[in-house]
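K.L.:
okay, structure incoming, though there's no sequence with it:
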């Protein structure tokens, strides 16, 4: 996967997890708050209903004792009429009081239905945010697991085949380096060979032998033989490509042009994405040697074809 695409996917998934998670959390809290207000409003509206029923029997029981006074019949006529007038004037308010008592119930019912409908909408949006959160979390987990597995695989290869001199502080290896520093190159090579026999996964010892042959003893043939053995080890593609390029340079010094060209084409075909493959293609272009070209745009852009180009197999063209 391309690095830019991977970074873009990381940004999208992380932003999606944060956004959907925050929206789900805030929406869940709002739905809980609306449910609590519905319960409290329903309890508050059901209380005043039984209170209005208890007032009627007390008013009927108070009227009989007032009729027992027989002596003062003429005097209290006016007050009784006033009381009657007062009672007649007080009769309309109870009817008005009973009518609003039913209206709030209807309003409460409509308010409740409206809140319930709004709650359903909130739950629908919550499900959508939860689904988006799960999808983004799965995508982010896939990217992390892919990168973690690739990292662990690289570390495992580096552990099995140590070619970068990490952890090379053993006394035997240090003794070989001391012999090299004193100018005893052949003794250093022998000590390194013995060390590599005891530790076959330490590829760096083999690389160090090739370097001594090439730079100190100017024995390009022996150095090339060592690099050929190094390429048989299981290395990372980028490291394998650079060691192969170095071996190609040794082949050119030994006048083994055909072997060098074959190795350059092998680098391009087996590991076309490593930087060493780009250098191999550049070297083949400078030499005017054809190599496999996977892009069909360049092959079809040439209207004519020379006799030398026609002898090449399909997918190959002569570089100018």
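P.N.:
Nice, I can see it. From a predicted model like this one, the values you see are computed outputs, not experimental measurements.

K.L.:
use CA for all of it now, contacts and neighbours both
P.N.:
Fine.

K.L.:
residue 201 should be in a strand, yeah?
P.N.:
No. Counting by DSSP: H, G, I helix; E, B strand; the rest coil, residue 201 is not found in a strand; it is coil.

K.L.:
report pLDDT for it.
P.N.:
Looking at residue 201, its pLDDT stands at 84.

K.L.:
near it, how many other residues are there?
P.N.:
Counted with other C-alpha atoms under 10 Å, residues neighbouring residue 201 total 18.

K.L.:
again, but for residue 231
P.N.:
Residues near residue 231, counting by other C-alpha under 10 Å: 15.

K.L.:
apart from its chain neighbours, what residue comes closest to it?
P.N.:
residue 240 (6.5 Å; C-alpha to C-alpha, 6 or more residues apart in numbering).

K.L.:
distance check, residue 188 against residue 172.
P.N.:
10 Å (C-alpha to C-alpha, to the nearest Å).

K.L.:
spatially, what comes nearest to residue 6 if we skip its sequence neighbours?
P.N.:
Counting by C-alpha to C-alpha, 6+ apart, the residue nearest residue 6 is residue 143, at 8.0 Å.

K.L.:
for the one you found, give me phi and psi.
P.N.:
The phi/psi pair for residue 143 (degrees, to the nearest 10) reads phi -60, psi -40.

K.L.:
again, but for residue 233
P.N.:
The phi/psi pair for residue 233 (degrees, to the nearest 10) is phi -80, psi 160.

K.L.:
over to the one 3 residues further on?
P.N.:
Recorded main-chain torsions at residue 236 are phi -70, psi 150, according to degrees, to the nearest 10.

K.L.:
neighbours around it, how many?
P.N.:
13.

K.L.:
same thing with the one 3 residues further on?
P.N.:
The local packing count at residue 239 equals 16, with neighbours defined by other C-alpha under 10 Å.

K.L.:
one more: residue 139?
P.N.:
17.

K.L.:
residue contacts, it?
P.N.:
By C-alpha atoms under 8 Å, 6 or more residues apart in numbering, the contact set of residue 139 is residue 13.

K.L.:
can you check the pLDDT for it?
P.N.:
Model confidence at residue 139, given as pLDDT, is 88.

K.L.:
that one falls within a helix, correct?
P.N.:
Yes. Counting by three-state DSSP, residue 139 is part of a helix.

K.L.:
who are the contact partners of the nearest residue to residue 216 once chain neighbours are set aside?
P.N.:
Nearest residue to residue 216, sequence neighbours excluded (C-alpha to C-alpha, 6+ apart): residue 185, at 7.5 Å. Contact analysis of residue 185 by C-alpha under 8 Å, 6+ apart lists 179, 212, 216, 217.
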